[in-house]
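> structure for this input, please:
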Amino acid sequence: ASDVYKRQDWFPDRIDFYVDGVFRKTNRNPGIPQVPMYVILNLAVGGQWPGNPDATTVFPQSMLVDYVRVYEQLAPTQQLLNPSFEDLGPNGATQNYLWTKTGNAYTFNGNARSGSRSGKLYGNFTGSPNTSRVYQEFAVVPGDVYAGATYYYNLPSDHMQGANTCSMVIEWRTGANAVISRKSVLLLNSSSEQNVYKRITSYDTAPANAAKARFLIEFSQPGMAAGAAFFDDLVFGKITCPVCPADFNQDGGIDGADVESFFVAWESGGVDADVNGDGGVDGGDVQSFFVVWQAGSC
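So this is what the prediction gives:
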């Protein structure tokens with residue numbers, strides 16, 4: 001027997017399979033469930049993916065489960081402006097409006113995942129290593145967790161070639177604009193699948209001394225190879241864990257101090273006292289608060 005850690009990441013368009021932290025396979029088809037699911041643990045023999053047993057298969061077999069954990073991926077609060085490149089600015093002709101661009105970075109009329117436009121990057125054809133990019137910059141607080149995501153596309157008629165790469169980057173900077181660190185994930189290279197939009201998400205924590213974050217899409221052209229990278233429907237923002245209204249004062253415990261804190265906020269009409277989320281602060285919020293407070297959990 002051997003210890004194996006297995007993980008499945010369920011997305012709207014695919015399920016990714018990992019074994020011992022190593023990506024193994026993606027199941028991408030129209031049958032990916034879009035409704036709540038439940039977990040089944042079993043020891044199955046045979047099937048289309050692993051294949052049926054043969055003379056080399058060892059029997060009997062057993063499966064011992066140490067633990068099962070289920071997590072929900074939290075979505076970041078969107079901070080990007082013009083994240084899908086649909087807005088061309090007041091004059092209707094501004095490339096990458098509200099984004100800072102360097103090199104060959106353009107708004108492309110077409111090849112969109114949503115709407116009618118997408119972002120496009122390609123090399124500068126200088127004969128030496130060069131970079132084209134688009135980015136936006138935001139103020140951050142050290143210790144906060146941020147996430148960036150994008151859909152990306154390798155167009156068959158203008159596909160990535162040679163050693164060209166396109167990456168998504170979260171870059172941390174000081175108040176004086178010095179780079180502290182950067183987290184880069186590869187989106188596209190010459191071997192990337194063509195003619196399909198794919199999505200990737202990256203998480204990172206703002207380090208000590210970070211005052212700014214830059215969220216970038218970067219195209220690297222080491223030589224003179226052709227090809228372009230397309231991207232659409234980008235997201236960047238802070239990850240905020242849901243607040244438990246039972247622990248109203250957020251001190252880690254559920255006790256009388258939470259009741260006091262709740263009524264102070266409720267009597268002043270504070271938006272955080274809208275526990276039932278109906279847009280108003282009234283008796284319904286008192287009832288909702290005491291349901292979770294008496295249960296001792298959320």
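> what about the closest residue to residue 221 other than its chain neighbours, distance to residue 88?
Distances taken as Cβ to Cβ, 6 or more residues apart in numbering put residue 123 closest to residue 221, at 2.8 Å, once the chain neighbours are dropped. Yep, even glycine has a C-beta here, placed from its N, CA and C like the rest. Here residue 123 is placed at a distance of 24 Å from residue 88 (Cβ to Cβ, to the nearest Å).
> so what touches stretch 72-85?
With contact meaning Cβ atoms under 8 Å, 6 or more residues apart in numbering, stretch 72-85 is reached by 9, 96-99, 107-108, 112-115, 117-119, 136, 138, 146-149, 201, 215, 232-241.
> please point out which parts of it sit buried.
Buried residues in stretch 72-85, defined by neighbour count with 16 or more other Cβ atoms under 10 Å: 76, 79, 80, 82, 83, 84, 85.
> now secondary structure too, for the residues you listed, in CSV please.
Shown next, in CSV, are the buried residues of stretch 72-85 (DSSP: H, G, I helix; E, B strand; the rest coil):
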residue, secondary structure
76, coil
79, coil
80, coil
82, coil
83, coil
84, coil
85, coil
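> so when I look at residue 152, I'm seeing a strand, right?
Yes. Residue 152 forms part of a strand when assessed by three-state DSSP.
> so it touches residue 231, yeah?
Yes. Using Cβ atoms under 8 Å, residue 152 is in contact with residue 231, at 4.8 Å.
> shared neighbours of these two, which are they?
With Cβ under 8 Å, 6+ apart, residue 152 and residue 231 have common neighbours 166, 187.
> and for residue 13, the neighbour number?
15 (other Cβ atoms under 10 Å).
> what sits against it?
So residue 13 contacts 28, 32, 199 (Cβ under 8 Å, 6+ apart).
> apply 7 Å and report the result again.
Counting by Cβ atoms under 7 Å, 6 or more residues apart in numbering, residue 13 makes contact with 28, 32.
> can you give me the pLDDT of it?
Looking at residue 13, its pLDDT is 73.
> measure it to residue 154 for me?
Distance, residue 13 to residue 154, by Cβ to Cβ: 16 Å.
> ditto for residue 220
Distance from residue 220 to residue 154, by Cβ to Cβ: 15 Å.
> and these two? Which one has more around it.
Legend: neighbour count by other Cβ under 10 Å for residue 220 and residue 154, higher for residue 154 (24 against 18).
> assess the claim that that one and residue 189 are in contact.
No. The pair residue 154 and residue 189 does not pass the contact test of Cβ atoms under 7 Å, sitting 9.0 Å apart.
> residue with max distance from the center of this structure?
residue 55 (44.6 Å; Cα atoms, centre = their mean).
> ok so it is a helix residue?
No. Residue 55: not assigned to a helix; according to three-state DSSP it is coil.
> burial of residue 150, as a residue count?
Neighbours of residue 150 using other Cβ under 10 Å come to 26.
> the closest residue in space to it that isn't next to it in sequence is in what secondary structure piece?
Counting by Cβ to Cβ, 6+ apart, residue 234 is the residue found nearest to residue 150 once chain neighbours are left out, at 4.5 Å. Per DSSP states H and E, residue 234 falls inside strand 228-238.
> neighbouring contacts of that strand?
Under Cβ under 7 Å, 6+ apart, the answer for strand 228-238 is 76-80, 83-85, 108, 111-114, 118-122, 144, 146-153, 155, 158, 160, 166, 187-188, 215, 217, 219.
> report the buried members of those residues.
Those of the contacts of strand 228-238 that meet the buried threshold are 76, 79-80, 83-85, 108, 111-113, 118-122, 146-153, 155, 158, 160, 166, 187-188, 215, 217, 219, by 16+ other Cβ under 10 Å.
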